[in-house]
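Student: Can you look at this prediction? I've put the sequence above it.
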Amino acid sequence: MFKRMPGDEPHRIVSTTPDTAVVFKPAVVQTPAIITLVIFIARFVAGLFRLAWRHPIALAAVAVPAGLCLTYGWRVALLPVVPALVAMGAWAVLDRPTFLRWVGWRLLAFARWFWIYRRHWQPVMTVAGLARHISGREYVPRLVKVTSDSWADRLTVRMLDGQAAKDWSDRIENLSHGFGSESCRVAVAKAGRLVLTFPRHDPLAAPIAALPIPGTPTVGPVEIGRQEDGSPWLLRLHGTHVLVAGATGAGKGSIIWSAIRGLMPAMRAGLVEIWALDPKLMELSYGKALFGGRYAADPADCADLLDEAVSVMHKRAARFAGVQRSHTPTLDDPFVLVVVDEVAFLTAYQSDRQLRQRISAALATLTTQGRAVGVGVLAALQGPRKEVMNIRNLFPDKIALRLDESEQVDMVLGDGARDRGALADRISPRPERGAGVGYVRLEISPDPIRVRAAYVSDYDIRAMAGEVR
Ligand SMILES: Nc1ncnc2c1ncn2[C@@H]1O[C@H](COP(=O)(O)OP(=O)(O)OP(=O)(O)O)[C@@H](O)[C@H]1O
């Protein structure tokens, strides 16, 4: 009878006699102390060279004054240090952006690499299960580089051979807790390399007031709010279709109204028309005057309005055929943006089957053929359940605001979005912190971008409607 021994090595040793004690003795090779010392010194010197190669400025800033101090005393050490500090201070005051770009963020990156990421790297990798222990040797992914900017640290990482980005995106919680950040995003830089983004603070924590109406008419990307890195969030509406999904109170209205606000000058110039479908009779009725009669709330009226949009689209397509392949807004052929608040009221939850089919068919026609002829759809959706999700694929660009369940994130943004860091189910339900916050996934990029829409208040909407009147 064979008896297997527990443990790492002895599991290969078997005994044919029951209850025989097997003594496992590893071979011990005595290493002379001098060899151990030489190895340690060689590692230390190699580490110093690596440090000097990777962080020459930070090392010189410390090493030069320290060398002068040791050789000539502290007074001499102050001679280069004081003018250098004064020059840096003057640079920081006079031209802050370039100072931050060339010095500030680099120093911060060095400090955070030294104090947080390098120090915790091995323990976090081991505990998170990203390091591997094979035949007594430990293999740890390599931290290649740390860069910092105004809101986040970005770590370039060389994965272990055979690892996949999914191994890392499955552990974003371990990584964010391990390095003391609120969240972590994983993006592939190139084969075998990842970029991990750790935000240091949340620039979207405070609500953003309604943005000023643009000075010139444009149908180009419209400024809706701010991105996580502090840059403006520009949303393309002309030439695409956008789906906004979020639980009740997530702030879908702020995206719709910010978009309308950004298009106001073009509406005034006659280059844009907004057609509004408002089955809930709540959101869009407030600015009815803006839509020039193209407003419907009753499902039957909504179906008529959608059919009219389809007919405009077909007429244009017939005129454009063989003449032009893309649409440029003109007074004769303005960009038509069909805004639908709570699209599921008209499709999945509509009890009249004929009406439901008519509306679904019109929406599908608009979203599949409308963008080349200047007809776009911006639709809002409250509860992304399975039965309403078949419309998702009609929209190239998607936005997920706060959602109730983690599975809904991929339902809205597409497979793998949550693994890539779109934690829409974790957005705060407190309106001042979380309303209008969401993740955008564009047709051209699989990586979700965290954004916050500016809040267009009832007062702002009234002012906009008053202006058009
Ligand atoms: N961008 C924003 N910034 C800050 N607060 C906001 C923002 N958008 C909305 N809010 C706040 O959240 C509340 C709910 O917003 P809103 O009604 O637009 O959400 P919704 O997603 O349209 O909800 P519902 O589906 O129930 O209509 C608003 O009354 C407002 O106080």
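Tutor: That came in fine, so what should we check first?
Student: for the helix or strand that W91 is a member of, which positions count as buried?
Tutor: For W91, the element it lies in under DSSP states H and E is helix 74-94. Using 16 or more other CB atoms under 10 Å as the test for burial, helix 74-94 gives A77, V81. Glycine gets a C-beta too; all of them are placed from N, C-alpha and C.
Student: elements contacting that helix?
Tutor: helix 56-72, helix 96-99 (3 or more CB pairs under 8 Å, 6 or more residues apart in numbering; DSSP states H and E).
Student: What score does G129 have for pLDDT?
Tutor: Per-residue pLDDT puts G129 at 93.
Student: give the contact list for the closest residue to the ligand within the chain.
Tutor: Nearest residue of the chain to the ligand (CB to the nearest ligand atom) works out as G436 at 2.2 Å. The contact partners of G436, by CB atoms under 8 Å, 6 or more residues apart in numbering, come to P207, I208, G225, A250, G251, S254, I255, L401, R452, A453, A454, Y455.
Student: list the contacts for the nearest residue to the first one once chain neighbours are set aside?
Tutor: Okay, so that is P207. If the residues on either side of it in the chain are set aside, P207 comes closest to Y455, at 5.2 Å by CB to CB, 6 or more residues apart in numbering. Applying CB under 8 Å, 6+ apart to Y455 gives the contacts P207, I208, A209, A210, G251, S254, A435, G436.
Student: what about 10 Å?
Tutor: 207-211, 225, 251, 253-254, 257-258, 431-432, 435-436 (CB atoms under 10 Å, 6 or more residues apart in numbering).
Student: Then R430?
Tutor: Contacts of R430 (CB under 10 Å, 6+ apart): G249.
Student: next one: Y295
Tutor: 274-278, 284-285, 287-289, 301-302, 305, 339.
Student: nearest to P56, of these?
Tutor: Nearest to P56 among the contacts of Y295 is V339, at 55.0 Å by CB to CB.
Student: Bridged to that closest one, which residues?
Tutor: Listed beta-bridge partners, V339: A276, L378 (assigned using DSSP bridges).
Student: and the gap between it and R185?
Tutor: Plainly put, V339 is 31 Å away from R185 if you go by CB to CB, to the nearest Å.
Student: again with A206
Tutor: 21 Å.
Student: Then F198?
Tutor: According to CB to CB, F198 and R185 sit 8 Å apart.
Student: between these two, what contacts are shared?
Tutor: A152, R154, L175, S176.
Student: before we move on, back to that, just the contacts of Y455: which are in strands?
Tutor: G225 (DSSP state E).
Student: For A189, state which of the contacts of Y455 is nearest.
Tutor: The shortest approach to A189 among the contacts of Y455 belongs to G225, at 27.6 Å (CB to CB).
Student: quick one, what contacts the closest one?
Tutor: 204, 207-208, 210-211, 232-235, 251, 254-255, 258, 436-438, 451-455.
Student: Tell me how many other residues surround the residue lying closest to it once chain neighbours are set aside.
Tutor: Spatially, and ignoring its direct neighbours in sequence, G225 is nearest to A453 (4.1 Å; CB to CB, 6+ apart). As a burial measure, A453 scores 31 neighbours (other CB atoms under 10 Å).
Student: correct me, but A453 touches R226?
Tutor: Yes. Using CB atoms under 10 Å, A453 is in contact with R226, at 8.7 Å.
Student: Overlap in contacts, these two.
Tutor: Overlap of the contact sets of A453 and R226 (by CB under 10 Å, 6+ apart) consists of L204, I208, L211, W233, G436.
Student: Surely the first one touches S231?
Tutor: In this case it means L204. No. Using CB under 10 Å, L204 is not in contact with S231; the gap is 11.8 Å.
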